[in-house]
Structure formats: C-alpha cells, structure tokens
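**Student:** predicted coordinates and the sequence they were generated for:
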Amino acid sequence: MERMMKLKTLPTTLIGIALLGAAVALAAWPAATKNQEQQLRSAAVRVDEVTLAANRSGIRLAGVARAAQQARLSFVLPGRLAGRTVEVGDRVRRGQVLAMLDSSEFQLAEAAAESALAELEVRLGQARRDEARVAQLKAAKAATTEEVEMAATSTRVFEASIRSAEVRLAEAGRLITESALIAPFDGTITGVDLEPGEWAGSGKTVVELAGEDDLEVEVEAPETVFGRLAQDQEVVVDLSLRGAVTTGRVSSQARAAGGPGRLFPVVVSLAPHPELVPGTTVEVLLEIEEKESLSVPLEAILNPGSSRPSVFRVQDGRADQVFVELGRLDGSRVAVVADLEVGDAVVVAGHTALADGDLVEVRR
C-alpha cells in the first residue's frame, strides 16, 4: 500500500520540477535575447578624424608656349602677289622685305608724276622770268598794270601745279612702298598663306611672324579660379615633358568667358628658360586661397555622386548619419561643409550596411 502511494506521487513531483525549470528558462530568455540582439546589431567599423582642410589649393592648367609678340602680316593695298622671299621657319630681321605685290602700275604712275613735276618746274622758271621782265617794263612805263598782274598770276598757277605734282609723286611712292611687306620686328616665320601669283586682298594674311624673345602661354581657367587671380600674380610653370620648372606672371585676363563651358582665357608671361621654346607644352600651377573648411577621408563619403552625400559620425557607440556638401579634393581627402567638428570620428570602413542609429564597435 505504501509503495503504491509513492508511485502515485512520483509523476506529480516530476511535473513540478519540469514546470520550475520552464519558469526559470522563461525568466532568463528576455535577457539572453537582448544580449544576442545587441551582439547581432553591433557593426565593426574603422574610423578616422575630421580635420581642417588646407586653406590653399592648387590647380593645373595646360597650354602651349608661344611668342608674346606675334603678327599676321598683310597688305593694305589689294593686288597680285609678285613674290615672297621667306618660307616657314626662316628667321628675319626688322625691316626685311618678306613679300611684294606687282607694283608695275605704281612705278608707271611714279614715273609720270616725276615727268610732270619736271615739266612744271621748267615752266615755273619761265613764268618767274617773265614776271621779272614785265615788272622791269612796268618800271620803264612800257607795260601796263594788267600785264604785271597776269605775269604774277601765271607764276602762282605754276607754283600750285608743282605742289599738286609733288603730292601725286609722293602718293605714287607711297603705293610702291605699300606694295612691299616689311617685317616689323625680329622673329621667325611661322606660317605662309599666299603663293606668288595669287591675289592678295586688302587685309588678307600673307605671312605669320612670331617674335624670338619673350614667350607667353594662354590657358583657360574655370570661373571659380578666374575670380581669384590677380594681375601680375606669380605662378609656377611646369615643363613636365622636358623635366624642368620655371615661373611666370599673370599678364592679362579676359573679362568674358571664351565658350559655353564658361572658361576664361588667362595669359601668363613666361620667365626665360633654356628648355622653353615656342610650341613647348607647359602646365601653369595656380595656388588659390580658400576659405577655412573641414576635411574628411574620401572613403568616408557615402553616395558621393548623389544629391545628398553623407558620412557616419560615431558618437556614444552609435552611428550618426550626417549629410555633407562636398568641396575640393586634396589627395585622399575631400573638403566638406557639414554639421561636424574637428576631431569627430567618421566611419571609413564597414559603413556600407549601416543605418542611422546603429550600434558600432570601433576597431583599429
């Protein structure tokens, strides 16, 4: 009987123990789940600091060195090109004849003017002698006042005719002079546009001449740079293909953009250098003073090509998403405008799957 009673109470005891174990397990489950969730949501990241960006930046603008003194030479008068004495690459001196028009017509006009002038000078001499003789006759009461006046008038007419003939002769000489194309300065012929026998219109380029001394380069600067350049500002000029460096100065700046890309022409006068000749490829290095701004590593930027790039700042073990406005690149860092401070830690690795407010674990 006693044994049967023990057997009856055993299942009840086992059920009580099982219920007690289940209760303990249920009591511990929320804490375990919370710890497991925290471990699952903590992302391992690497960070870097926000710093001040450099307040000076540089930009390289490429161009080709050219002679500062250049000319596209043409005739004032139209005519047939009778000859050209130079070819591309020839060195010329100031005053040297480079090309000639057919001036036969002008030479004939000059000869005719010279003949007319000579004839008038002879007739003027005769008129003056006649005037003197009539004056003597008048003194002897052998000539009338009217005859004296006529002789004087004849002299004045010939004098005026001679002045006109001298003008015509000078004009013929000018035309002959204008029919020769003269080098205005020492230099090198860089282009020829007309061959002998072709028609040279007034103002049509015949030859192109470049000076030999001072060199310059014209580059095109974006609007953001153009507004910060100053007249006579010194710049560094890199002759990268020749492995040399020289200097230059801003000599002129256009006041209007040179094209639809809003690029502004800037001319830089180049300092002499043995490796620098017309046609040399150069790069002008412009240093620009910048406003003080913050800088973050380039790899910290999320969605840099979107309208709202951002970074994750680590604060109190959590990722705080901060939207930024991107500025200039400086090596592996980029200037930003954002609600950040110098010394803030921003995520540079492990942030592709982060969300705002996620727990993070910083690893070195």
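**Tutor:** Okay, I see it.
**Student:** poorly predicted segments of the stretch 201-350 of the chain, please.
**Tutor:** Along the stretch 201-350 of the chain, segments meeting pLDDT under 70 span 258-261, 288-290.
**Student:** and the stretch 51-200 of the chain, by the same measure?
**Tutor:** By pLDDT under 70, the low-scoring segments of the stretch 51-200 of the chain are 54-57.
**Student:** what about the helices in it?
**Tutor:** Counting by DSSP state H, counting those that start in this stretch, the segments of the stretch 51-200 of the chain that form helices are 104-139, 145-178.
**Student:** would you mark the buried spots in the last one?
**Tutor:** This means helix 145-178. Under the neighbour-count criterion of 16 or more other Cβ atoms under 10 Å, helix 145-178 has 148, 151-152, 154-155, 158, 161-162, 165, 168-169, 172-173, 175-176, 178 buried. Every residue, glycine included, has its C-beta placed from N, CA and C.
**Student:** and stretch 334-343, by the same measure?
**Tutor:** Residues V334, A335, V336, A338, L340 are the ones in stretch 334-343 that count as buried (16+ other Cβ under 10 Å).
**Student:** how near is the residue lying closest to S161 once chain neighbours are set aside to A140?
**Tutor:** Nearest non-adjacent residue to S161, counting by Cβ to Cβ, 6 or more residues apart in numbering: L120, 5.0 Å away. In this view, L120 and A140 are 30 Å apart by Cβ to Cβ, to the nearest Å.
**Student:** equivalent analysis for L241, please.
**Tutor:** For L241, the distance to A140 - Cβ to Cβ - is 96 Å.
**Student:** of these two, who's got more company?
**Tutor:** Between L241 and A140, counting by other Cβ atoms under 10 Å, L241 is the more crowded of the two (11 against 7).
**Student:** residues contacting the closest residue to that one other than its chain neighbours?
**Tutor:** Nearest residue to L241, sequence neighbours excluded (Cβ to Cβ, 6+ apart): T281, at 5.5 Å. Taking Cβ atoms under 8 Å, 6 or more residues apart in numbering, we find T281 in contact with A62, G63, V64, A65, L239, S240, L241.
**Student:** in strands, which of those fall?
**Tutor:** Counted as lying in strands by DSSP state E, out of the contacts of T281, are A62, G63, V64, A65, L239.
**Student:** what is the burial count for the third one?
**Tutor:** Using other Cβ under 10 Å as the criterion, V64 is surrounded by 12 other residues.
**Student:** what's the answer for the fourth one, then?
**Tutor:** Using other Cβ under 10 Å, the number of residues around A65 comes to 22.
**Student:** may I have the beta-bridge partners of it?
**Tutor:** Taking DSSP bridges as the rule, A65 bridges to V217.
**Student:** can you verify my assumption that it contacts E275?
**Tutor:** No: using Cβ atoms under 8 Å, A65 makes no contact with E275, being 10.2 Å away.
**Student:** mutual contacts of these two, please.
**Tutor:** With Cβ under 8 Å, 6+ apart, A65 and E275 have no common neighbours.
**Student:** contacting residues for V217?
**Tutor:** G63, V64, A65, R66, V237, G248, V267, V268, L270, V282, V284.
**Student:** what helix or strand is the fifth one on?
**Tutor:** This points to V237. Here V237 sits within strand 234-239, counting by DSSP states H and E.
**Student:** then R255?
**Tutor:** Applying DSSP H and E as the criterion places R255 outside every helix and strand.
**Student:** circling back: out of the helices of the stretch 51-200 of the chain, the one nearest L302 is which?
**Tutor:** helix 145-178 (71.7 Å; Cβ to Cβ).
**Student:** the closest one vs helix 104-139, what angle?
**Tutor:** Following axes from the mean of the first three to the mean of the last three Cα atoms, to 10 degrees, one obtains 160 degrees for the angle between helix 145-178 and helix 104-139.
**Student:** now do helix 145-178: which elements does it pack against?
**Tutor:** Contacts defined by 3 or more Cβ pairs under 8 Å, 6 or more residues apart in numbering; DSSP states H and E place helix 145-178 against helix 104-139.
**Student:** would you mark the buried spots in the helix it packs on?
**Tutor:** Applying a neighbour-count criterion of 16+ other Cβ under 10 Å, one finds 106, 109-110, 113, 116-117, 120, 123-124, 127-128, 130-131, 134 buried in helix 104-139.
**Student:** of the residues you listed, just say which sits nearest to L354.
**Tutor:** For these, the nearest to L354 is F106 (87.5 Å; Cβ to Cβ).
**Student:** wait, doesn't the closest one sit right on A180?
**Tutor:** No: in this structure F106 lies outside contact range of A180 using Cβ under 8 Å: 10.7 Å.
**Student:** on that earlier part again, could the buried residues of stretch 334-343 be laid out in CSV, adding distance to Q253?
**Tutor:** Below are those laid out as CSV (distance: Cβ to Cβ, whole Å):
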residue, distance to Q253
V334, 29
A335, 26
V336, 30
A338, 34
L340, 36
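**Student:** quickly check these for the two that are furthest apart.
**Tutor:** V334 and L340 (12.6 Å).
**Student:** domain parsing of the protein, as residue ranges.
**Tutor:** 43-55+292-362, 59-68+213-289, 76-101+179-212, 103-178 (automatic domain parsing).
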